[in-house]
Each structure stands twice: as structure tokens, then as C-alpha cells.
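Q: Structure, please.
(one chain, ligands or ions: 2)
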Amino acid sequence: TLPKAIRIVEMGPRDGLQSEKKILPSDIKVEFINRLSECGYKNIEVTSFVSPKWVPQMGDNLEVFQRIYKKPGVTYSALTPNVKGYESAKSVGVPEVAIFASASEGFSQKNINCSIEESIQRFRSIMHSAYIDKIRVRGYISCVFGCPYDGEISPEAVRSVALKLKEIGCYEISLGDTIGIGTPTKTKALIESVLYDLAPSEVAVHFHNTFDRALENIFTALEMGITTVDSSIASLGGCPYADGATGNVSTEDVAFLCQELGIETGLDINALCRTANWMSKISGIPNRSVYQIHE
Ligand code: HMG
Ligand code: MG
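A: Ligands and ions are numbered 1, 2, ... in the order given. Predicted structure coming up:
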């Protein structure tokens, strides 16, 4: 059975913009996030406190986070790969951070320059501080179905990383199909596997739409009791360490699917579409959502 309501976590400003070749001015990012704040979200991922040598697109993280309007009731979060990133995020009052691990060794090395086990050790230090600082921590796992370097990944491999992230204190684990190779069958097997150790309320799904199957996979996840979905307005994005991966599933498309299914998202679809049009026009990045309004 399908849930009555779900929570959508907006990825556009972070996952979306991190892999666009063009680095947008901070002014545009700030206005983009301010416009998103009027669309009805409870969660917007704003930026990442990663090395600017690795991802220059997020190099204005401090400025962007400081300047955005923080609408009451909306949680503005950011990615932090290590204690240095965590301390920067904390210095500008980020209330929720995300750590990011991988289900594959190859991607872990390419993305954060360490093994899976080393990354978990690194994250323990963040968790320790976050606990004291009362900052909530979300966990991501990349390459949950397959990896551009290591090939296919088993549900058991994901289950083991998910359990570690839960044990160190993540309140929610987002399962990332980084290269967008998921299918409903694979989604079912994956979610069954992680639900041995995690409650459905502790699991989020994060599909990239490379092969246009993200919506089917989301439908499968919702039927299995998952109620948190990551998506990106205008289907922005990709991954700087996964060539050819396209954006996250479009927020407008997920919101429209949910509307058709009678599932509450709290989002204003017209406001989303107008924001996607604005973003596409000002940035030159195409709007890849299927659901669009033509203004
Ligand atoms: P490293 O080079 O091993 O780090 O990178 P290091 O500790 O040796 O430091 C090297 C330099 O970086 C030093 O500067 C540090 O100060 C600096 P230098 O002395 O050379 O001038 N540095 C930092 N600067 C700013 N902020 C920091 C920071 N840390 C070190 N936090 C590191 C290791 C993890 C830092 C690097 O690999 C990195 O930044 N990786 C991030 C990559 C990334 O952002 N990937 C995309 C996000 S994950 C994703 O998109 C997947 C997801 O969407 C789910 C899915 O779809 O799968 C979440
Ligand atoms: Mg992603």
C-alpha cells in the first residue's frame, strides 16, 4: 500500500549544481534557494563543505549558506565529508549535515579519497561532534546498484554500509543510485535487504534518472513503505565522479506522480515549475523535467 504523505528532500542547489560545468555566481544560487523556499519544502540541501579543489562549484558554500533566507519550518542542510567541512558548516549555523559513504570501494576512493572503512572512521569524529552540538546527521550511500569503477554492487554490500551508518548515529540513510541503473526489481531487492536492519522511516531513496526509470523505482519504494524521496528541481545534476550520470529525478515529476496517486508532498507544483523555468533561463541549464508549464 502507498503512503498518505511523503517528504521530498530538494537536491538541486547541491547535487544539481555540483556537477554543472558552469560555476554559477553566488547571487543566482542565493536567489534560487530563496525561490525554492517558497515552494513548500521542509528540506533543502543547500551546498557542500567539501574541498574546493575537488568540487569548485561548491566553493562559495559559506557565503551561500549565510546569505539565504531561512524560512521557518524549512531545514537547510549541507554535505560534510570530514571534520574540516563539519567545522565550516557549524561556523555558519548549519542545523543538519550529511556524510557520504559508498557501497563500492572504487567510488569511495574516487569520491572521497579513502576506503569505505576509513570513511566510516572519519565519520565517527563528525558524529561525535554533531552529537554534542545537537546537529542532525543524514547518511548517504552511493552506487547502491552499481559503480562506474567496480561494476555491479550487491544488496548485501549496501546493507552492511547502511547498518554501519545507522550504528554511528545517522537518523536516516539515503540510498543513492549514483549512475541511475536501478530498476523496480533491483529496487525491491535492495530495500528488502536494508529493511532487515533499518525501519522504513530511516530510509530515503535517491535516484538519478540516467535511464529514465527513476519514477518506477520510486513507486516501488513507496509501495514498500519508504516515505522520503530525494529529487532535484528541473532534474538538475549528475555527479562529478561518475561520467555520464545525469541529474536526480525531477522534483516536479515526483510531485506530479504523487498528486496523481493522492499522496501529499506539501509542494506547490506551479511554484516548482516557475522556479525551474527561472533557473533554466538564468543559468542556461536545460530544464529536463517532463512536467513543465510554458510561461
Ligand atoms: P583529500 O585531498 O584526501 O583531503 O580530499 P586532505 O585532507 O588531504 O586535504 C587536501 C586539501 O583539501 C587541503 O588543502 C585541505 O585543507 C583541503 P591544502 O592544504 O592542499 O591547501 N580540505 C578542505 N577544504 C575545504 N573543505 C573541506 C576540506 N577537506 C580538506 N571539507 C576530501 C578528501 C574528502 C576533502 C575530498 O575528496 C572531497 O572534498 N571530496 C568531495 C567530493 C564530492 O563532493 N563529491 C560529490 C558529493 S557525493 C555525491 O554527489 C553522491 C550523492 O549525491 C548520492 C549519490 O547520488 O550517490 C550524495
Ligand atoms: Mg546524487
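Q: CA atoms for contacts and neighbours, from now on please.
A: OK.
Q: Backbone dihedrals for Phe145, please?
A: phi -110, psi -30 (degrees, to the nearest 10).
Q: give the contact list for it.
A: Shown in contact with Phe145 (CA atoms under 8 Å, 6 or more residues apart in numbering): 152-155, 177, 181-182, 186.
Q: Ligand 1 next: which of these are close?
A: Residues of the contacts of Phe145 in contact with ligand 1 (CA under 6 Å from any ligand atom): Asp177.
Q: mind listing which of the contacts of Phe145 are in helices?
A: Judged by DSSP state H, those include 155, 186 as members of helices.
Q: Just the buried residues out of the contacts of Phe145, in PyMOL syntax.
A: Per 16 or more other CA atoms under 10 Å, the buried members of those correspond to this PyMOL selection:
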select buried, resi 154+155+177+181+182+186
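Q: wait, which of the contacts of Phe145 is closest to Lys71?
A: Nearest to Lys71, judged by CA to CA, of the contacts of Phe145 is Asp177 at 30.0 Å.
Q: List the contacts of the helix or strand hosting Val254.
A: Val254 is located in helix 251-261, with elements delineated by DSSP states H and E. For helix 251-261, contacts defined as CA under 8 Å, 6+ apart pick out 8, 10, 215, 231-235, 264-265, 267, 269, 272-273, 289-292.
Q: hmm, which of these are the buried ones?
A: Among those, the ones that count as buried by 16+ other CA under 10 Å are 8, 10, 215, 231-235, 265, 267, 269, 272-273, 289, 291-292.
Q: Using CSV, list the CA coordinates for the helix holding Val254.
A: Extracted in CSV, the C-alpha atoms of helix 251-261 (Å, rounded to 0.1, in the frame of the first residue of the first chain):
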residue,chain,number,x,y,z
THR,A,251,11.1,17.2,-8.2
GLU,A,252,8.2,18.3,-10.4
ASP,A,253,7.8,14.8,-11.9
VAL,A,254,7.8,13.2,-8.4
ALA,A,255,5.3,15.8,-7.1
PHE,A,256,3.1,15.3,-10.1
LEU,A,257,3.2,11.5,-9.7
CYS,A,258,2.3,11.9,-6.0
GLN,A,259,-0.6,14.2,-6.9
GLU,A,260,-1.9,11.6,-9.3
LEU,A,261,-1.6,8.9,-6.6
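Q: just checking, next helix/strand downstream of it?
A: Following helix 251-261 in sequence order, the next helix or strand is helix 269-283 (DSSP H and E).
Q: Just name whatever secondary elements that following helix is in contact with.
A: helix 26-36, helix 251-261 (3 or more CA pairs under 8 Å, 6 or more residues apart in numbering; DSSP states H and E).
Q: quick one: contacts of the first one?
A: Identification of contacts with helix 26-36 by CA under 8 Å, 6+ apart yields 13, 46, 60, 63-64, 67-69, 272, 275, 279.
Q: can you do 10 Å?
A: 10, 12-14, 17, 37, 44-47, 58-61, 63-71, 76, 233, 271-272, 274-276, 278-279, 282-283 (CA atoms under 10 Å, 6 or more residues apart in numbering).
Q: I'd like to know which of the residues you listed are part of helices.
A: Using DSSP H, those in helices are 17, 61, 63-67, 271-272, 274-276, 278-279, 282-283.
Q: Going through the residues you listed, which ones are buried?
A: Buried among these by 16+ other CA under 10 Å: 17, 61, 64-65, 271-272, 274-276, 279.
Q: ok, the residues you listed vs Ile226, which is closest?
A: Leu272 (22.9 Å).
Q: check contacts around the residue nearest to the closest one when sequence neighbours are not counted.
A: Distance criterion CA to CA, 6 or more residues apart in numbering; nearest residue to Leu272, sequence neighbours excluded, is Cys39 at 6.0 Å. Shown in contact with Cys39 (CA under 10 Å, 6+ apart): 266-275.
Q: quick one: which of the contacts of Phe145 is nearest Pro95?
A: Once CA to CA is applied, the member of those that ends up nearest Pro95 is Asp177, at 25.8 Å.
Q: any idea which of the contacts of Phe145 is closest to ligand 1?
A: Among those, Asp177 lies closest to ligand 1 (CA to the nearest ligand atom), at 5.5 Å.
Q: What's the separation between the closest one and Phe100?
A: Look at Asp177 and Phe100: by CA to CA, to the nearest Å, they are 13 Å apart.
Q: Now the common contact residues for these two.
A: With CA under 10 Å, 6+ apart as the test, Asp177 and Phe100 both reach 141-142.
Q: shaky segments in this structure?
A: 238-245 (pLDDT under 70).
Q: Residues of it that sit close to ligand 1?
A: Residues of the chain lying close to ligand 1 by CA under 6 Å from any ligand atom are 15, 49-52, 54-55, 81-82, 84-85, 100, 111-113, 140, 142-143, 176-178, 239.
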